[in-house]
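A.B. asks: from the sequence below, what's the structure:
(one chain, ligands or ions: 1)
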Amino acid sequence: MRGGEVPPPRGGRSGVKVPPRGRAVRVRPRGGKVGRIHVLKTGKKTGRSRDLSRKAEAYLEKLCGVRPNRRTGSPGNREAARFFARTIGRWGWRLDTTPFTCLDHRAGKAALACGGRRFNVLISPYSNGFDVTAELVAVSTVKGLERCRCMGKILLMRGALCKEQLMPKNFVFYNPDRHKRIYALLDEKRPAVIIGATGRNPALAGGLYPHPLIEDGDFDIPSVFCTDVDGGEIAMLAGQVFTAKCAARRIPATAWNVLARKNPGAAEKIVVCAHIDAKETTPGAVDNASGATVLLLLGELLEGYAGRLGVEILAVNGEDNYTAGGEMDYLRRYGGELKSVVAGINIDGAGFREGSTAYSFYECPAPLRKTATERFRGRPGLAEGRPWPQGDHMLFVLNGRPAIAFTSGGLPGLMSEITHTAGDVPGVVDCRKLVEVAKAIRDLVAGLAGGSESSPPAGRRGGTSRGGRTAASSPTRASGS
Ligand SMILES: [Zn+2]
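C.D. replies: Presented below is the predicted three-dimensional model:
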């Protein structure tokens, strides 16, 4: 959807005022410092750190406290995005909050029974509803699926077939042939309902057990999931008649990224991003309210930014969504500008209370690496970690742009215990670490913006706000302003 075609939603229950959708706005900074050009300051003040740490706690609480959750397109997700825009808008950033369409989902409790026995199953996210009485067929390999006859029946998938969650049908960033083959077979065989029995898979599903085998609003056969242990019990009853029932509804909805910019007319820019959405199963503190919190801290630290580079702060809305809606929307509308990105910085999974914060480099030229290393060196909580090729920094890397990612050094443990679970609450985050990351990024921005902060290139009109609004909404118009 193009910007400007959707009427601006009103403020939410909290009475939050939101900028009109579909256009970039300049927001008057606090304190009436309209039109002043500041040289970026990098001085340290302990008092300010404490103050920022307290603000970080408040941001984190707010972002994790929205209801029902921050799943892209849910009411909580929209509330979080409004809060983010309203907060960062105080510091003179030019905002773009153009909506895109997505699906929300509502479902009741799923039931599965055979004779007098009931089994614990959960409906898959975005699954259609169902009410079926039919024979159960069980398969555990692709070969078995190829051979089986299950049209109109209840199909139990388990074992090797369920090693990992199937990538959504239309997911473009990563989609193995094996998953496409399984989807093609399911479309051909047309079972009435699918049961996916899954084990633990921290790398792809975080600490969630069981995890959905299917999480895809573009796939219409209803599905539920259960543990591999329950799957074993169910498989022993193959050939018998089961009843399966759940009410569910897919709801057309909208969501939006919050893109905040300084100096949007510059020839080159730095993009700092973090995903603001979360899985429905979690308050999503480390994943990734902490990243969005770093962006807000950075938004304040760069309030007076007037360097030669453009700076974009991007709260991207879709990293944990089956469509990657926010990422796709950003590529659609700003992809043409990716060649001007000198560094794409992503924060995801940072601030875990245990261990240090890990930064990692992706396709970074030597001078960028050197500047970053120098700027990060004095911060005791930061250490270089191993690259991890998942997450929104890949938006830049896949487009040939250099990227830096921040996450928690204890990531493997974090992923297997906490990520995507109800345990990912603000209490597992150390907000001082978020302040440290925000300051490290501010210092890197200062290092990259060079010594020309005080003498912006002729014709530069962005940077600090002069109040008022611009009508720029499309990337071309916005970048020309
Ligand atoms: Zn994440």
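A.B. asks: pull the helix or strand with minimum mean pLDDT from the chain.
C.D. replies: helix 475-479 (a mean of 28; mean pLDDT, DSSP states H and E).
A.B. asks: next, the residue in the stretch 101-250 of the chain positioned nearest to the ion: phi, psi?
C.D. replies: Here the stretch 101-250 of the chain gets closest to the ion at one residue, Gly206, 9.0 Å apart by CB to the ion. (Glycine included, C-beta is placed from N, CA and C.) Main-chain dihedrals, Gly206, degrees, to the nearest 10: phi 70, psi -150.
A.B. asks: got a list of what it touches?
C.D. replies: Contacts for Gly206 (CB atoms under 8 Å, 6 or more residues apart in numbering) come out as 279, 287, 415-416, 418-421.
A.B. asks: what segments of the stretch 351-481 of the chain are strands?
C.D. replies: Assigned by DSSP state E, counting those that start in this stretch, the strands in the stretch 351-481 of the chain fall at 357-362, 382-384, 403-408.
A.B. asks: between these, which one is nearest to the ion?
C.D. replies: strand 403-408 (8.7 Å).
A.B. asks: give me the mean pLDDT for the closest one.
C.D. replies: Taken as a whole, strand 403-408 carries a mean pLDDT of 97.
A.B. asks: ditto for stretch 97-113
C.D. replies: 97.
A.B. asks: and it, end to end?
C.D. replies: 46 Å (CA to CA, to the nearest Å).
A.B. asks: show me what counts as buried in stretch 213-221.
C.D. replies: By 16 or more other CB atoms under 10 Å, the buried positions in stretch 213-221 come out as 213-217, 219, 221.
A.B. asks: ok, which pair from those is furthest apart?
C.D. replies: Leu213 and Gly217 (14.9 Å; CB to CB).
A.B. asks: mind putting the buried residues of stretch 213-221 into a markdown table with secondary structure and pLDDT?
C.D. replies: Listed next are those as a markdown table, based on DSSP: H, G, I helix; E, B strand; the rest coil; pLDDT from 0 to 100:
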| residue | secondary structure | pLDDT |
| --- | --- | --- |
| Leu213 | coil | 97 |
| Ile214 | coil | 97 |
| Glu215 | coil | 96 |
| Asp216 | coil | 97 |
| Gly217 | coil | 97 |
| Phe219 | coil | 97 |
| Ile221 | coil | 98 |
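A.B. asks: quick one, the helix or strand Ala343 falls within and strand 357-362 angle?
C.D. replies: Element membership of Ala343, judged by DSSP states H and E, is strand 341-347. Note on geometry: by axes from the mean of the first three to the mean of the last three CA atoms, to 10 degrees, strand 341-347 and strand 357-362 are set 150 degrees apart in direction.
A.B. asks: can you list the buried residues in the strand or helix carrying Ala253?
C.D. replies: Take DSSP H and E as the rule and Ala253 turns out to sit in strand 248-256. Using 16+ other CB under 10 Å as the test for burial, strand 248-256 gives 248, 250, 253-256.
A.B. asks: now do stretch 400-412
C.D. replies: 401-411.
A.B. asks: what does the chain have sitting close to the ion?
C.D. replies: For the chain, the residues in contact with the ion (CB under 5 Å from the ion) are 287-288, 348.
A.B. asks: top of those residues by neighbour count?
C.D. replies: Asn288 (32 neighbours; other CB atoms under 10 Å).
A.B. asks: helix, strand or coil for that residue?
C.D. replies: The local conformation at Asn288, judged by DSSP: H, G, I helix; E, B strand; the rest coil, is helix.
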